[in-house]
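Q: My questions concern the predicted model and sequence given below.
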Amino acid sequence: MIKSRAAVARAAKQPLEIVEVDVEGPKAGEVLVRIVATGVCHTDAYTLSGADPEGVFPAILGHEGGAVVVEVGPGVTSVQPGDHVIPLYTPECGQCKFCRSGKTNLCQAIRATQGKGLMPDGTTRFSYQGKPIYHYMGTSTFSEYTVLPEISVAKISKEAPLEKVCLLGCGVTTGMGAVLNTAKVQPGSTVAIFGLGGIGLSAIIGAVMAKASRIIGIDVNPAKFEIAKQLGATECINPLDYDRPIQEVIVDLTDGGVDYSFECIGNVKVMRSALECCHKGWGESVIIGVVSAGEEISTRPFQLVTGRVWRGSAFGGVRGRSELPGYVERYMKGEFELDTFITHTMGLNDINKAFELMHEGKSIRSVIHF
Ligand code: NAD
Ligand code: DAO
Ligand code: ZN
Ligand code: ZN
């Protein structure tokens, strides 16, 4: 058992509490890692808000980390102490029906327990004052030390700066991957990106890499436009500046609609706009945003009958263990940058400030340094 500084979510809607928790060592097939840095993503705020049907409390949130392996449990062969890793909320076992299908990154090997805030053996490694604390998304990166299943870590180059590539643990991979992997945007395509937070801005980077001809950023907060243009958006529009639906505006701007759109907010009304701004006959819309339990999307079925395609993407469709190290390499080669995303850095004691900045629309990503 070791002590670890951690930000504990005691209950929904309560600020995180910084305490010293107890962390049990890794069991068979598990690894103990030291988190060097972690980003704070909108999904952490979503779970803390109480809207997440899988949200259990008390828990240690966080899923966008960069870490060093400290100890491995019996039977672990793919990593050893000292290795640098990115925790994966979408594991890759390589053996389940989903992994073997070659059609999805949604490995199901530990889904049942991960969704309940538990390790694969049905127990938790965290406790505080003798009472158990739940894991979160199989990662719990808001703790200096955390235990992960071996299939939930991607081994990456030791040269990569963990305080930056931690963003590849969620936001940047999710946005870039949705464009490059899920939609497979073609050179010369027109693209609309709804929501210019960490995910939407990463989708812009993906669209630039895919050589899209036109990249339209849409956000109700115009403070996001400068950075979106810096990253490659060719134009930015604010739905609040128009007195008609934003999909009509985009259809007019693009001679019938865009080739691809991406919803990076988590708003079912915007999801409809994103579908309906797509070009008749071939336009594809990808849902990335996560919405509260019970909410539903709607459109007229004729939108699909006439050739538009509606799909979704989790973690950019990226298989974490086999493909994420390649994304890190691409970053190291200078194919994309991460500095623009990191608008704030702070210590763990200030983590609630990171949530405030996100809610106020003042940050893209705050990175917590342990
Ligand atoms: P964020 O809060 O940083 O960004 C959201 C942006 O949307 C903000 O800039 C906000 O101003 C804008 N916005 C809000 N309402 C809007 C509206 N009605 N019209 C236009 N713009 C609007 O969030 P983020 O970290 O970028 O995450 C975005 C979404 O992606 C969240 O729902 C998050 O849970 C989800 N997410 C999904 C995955 C996945 O794998 N599918 C992974 C990570 C995050
Ligand atoms: O396999 O049923 C499943 C769940 C996969 C989880 C994928 C989560 C993607 C959306 C949540 C955003 C994470 C930050
Ligand atoms: Zn995330
Ligand atoms: Zn699997």
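A: Received it, and whenever you're ready, just let me know what you need. Ligands and ions are numbered 1, 2, ... in the order given.

Q: What distance do you get for Gly195 to Glu284?
A: 17 Å (Cβ to Cβ, to the nearest Å). All C-beta spots, glycine's among them, are computed from the backbone N, C-alpha and C.

Q: out of those two, which sits in the busier spot?
A: Gly195 (27 against 22; other Cβ atoms under 10 Å).

Q: Distance check, the more buried one against His279.
A: 21 Å.

Q: give the contact list for Asp83.
A: Contacts for Asp83 (Cβ atoms under 8 Å, 6 or more residues apart in numbering) come out as 68-69, 155, 158.

Q: try it again with 7 Å
A: Applying Cβ atoms under 7 Å, 6 or more residues apart in numbering, we find Asp83 in contact with 69, 155.

Q: need the contact list for Val367.
A: Contacts for Val367 (Cβ under 7 Å, 6+ apart) come out as 37, 39, 163, 166, 342, 345.

Q: Is it bridged to anything, and to what?
A: Beta-bridge pairing of Val367 under DSSP bridges involves Gly39, Thr345.

Q: Now the phi/psi pair for Arg111, please.
A: Torsion angles at Arg111 (phi, psi; degrees, to the nearest 10) stand at phi -60, psi -50.

Q: Tell me the pLDDT of Val85.
A: Turning to Val85, the model gives it a pLDDT of 98.

Q: what's around it, how many residues?
A: Considering only other Cβ under 10 Å, Val85 is surrounded by 26 other residues.

Q: I'd say it and Ala154 touch.
A: Yes: the criterion here is Cβ atoms under 7 Å, and Val85 meets it with Ala154 at 6.1 Å.

Q: Number of residues surrounding the residue of the chain found nearest ligand 1?
A: As assessed by Cβ to the nearest ligand atom, ligand 1 sits closest to Gly197 within the chain, at 1.9 Å. Gly197: 24 surrounding residues under other Cβ under 10 Å.

Q: Distance-wise, check it relative to Ile110.
A: Counting by Cβ to Cβ - Gly197 and Ile110 are separated by 28 Å.

Q: Check Cys41 too.
A: As judged by Cβ to Cβ, Cys41 and Ile110 stand 21 Å apart.

Q: To what extent is the residue in the stretch 201-350 of the chain positioned nearest to ligand 2 buried, counted in neighbours?
A: Scanning the stretch 201-350 of the chain for the residue nearest ligand 2 gives Ala314, at 3.6 Å (criterion: Cβ to the nearest ligand atom). When neighbours are counted by other Cβ under 10 Å, Ala314 registers 18.

Q: Same check on Thr234?
A: 17.

Q: any idea how far Val33 is from it?
A: 41 Å.

Q: cool, Val290 as well?
A: Counting by Cβ to Cβ - Val290 and Val33 are separated by 25 Å.

Q: Looking at these two, which has the bigger crowd around it?
A: Higher neighbour count among Val290 and Val33: Val33, with 30 against 16, using other Cβ under 10 Å.

Q: gap between the residue lying closest to that one once chain neighbours are set aside and Val367?
A: Excluding its sequence neighbours, the residue lying closest to Val33 (Cβ to Cβ, 6 or more residues apart in numbering) is Ala67, at 3.9 Å. Distance, Ala67 to Val367, using Cβ to Cβ: 13 Å.

Q: Also Tyr145?
A: According to Cβ to Cβ, Tyr145 and Val367 sit 18 Å apart.

Q: got it, and Glu159?
A: Taken as Cβ to Cβ, the span from Glu159 to Val367 is 19 Å.

Q: ditto for Gly39
A: 5 Å.

Q: circling back: OK, contacts around the residue of the stretch 201-350 of the chain closest to ligand 2?
A: Counted by Cβ under 7 Å, 6+ apart, Ala314 has contacts 90, 106.

Q: so is Glu71 in a helix, a strand, or just coil?
A: Under DSSP: H, G, I helix; E, B strand; the rest coil, Glu71 falls in the strand class.

Q: Check the burial of it by counting its neighbours.
A: 17.

Q: Can you tell me the closest non-neighbouring residue to Pro325?
A: Here the residue nearest Pro325, using Cβ to Cβ, 6+ apart, is Ile156, at 5.1 Å.

Q: Just the pLDDT for that neighbour.
A: 98.

Q: Give me every residue in the stretch 1-150 of the chain lying close to ligand 2.
A: Residues of the stretch 1-150 of the chain lying near ligand 2 by Cβ under 6 Å from any ligand atom: 41, 43, 63, 89-90, 106, 108, 111.

Q: of all these, which two lie farthest apart?
A: Cys41 and Gln108 (22.4 Å; Cβ to Cβ).

Q: Could you measure from the single nearest residue of the stretch 201-350 of the chain relative to ligand 4 over to Glu295?
A: Closest to ligand 4 within the stretch 201-350 of the chain is Arg319: 9.2 Å, counting by Cβ to the ion. Using Cβ to Cβ, Arg319 is found at 29 Å from Glu295.

Q: Next: Val147.
A: 33 Å.

Q: The two - which one has more neighbours?
A: Val147 (25 against 12).

Q: Ile216: how many residues sit nearby?
A: Around Ile216 there are 25 residues (other Cβ under 10 Å).

Q: Quick check: closest non-adjacent residue to the residue in the stretch 1-150 of the chain that ligand 2 sits nearest to.
A: Taking Cβ to the nearest ligand atom, ligand 2 has its nearest neighbour within the stretch 1-150 of the chain at Thr43, 3.6 Å off. Closest residue in space to Thr43, ignoring its immediate chain neighbours: Val290 at 6.0 Å, by Cβ to Cβ, 6+ apart.
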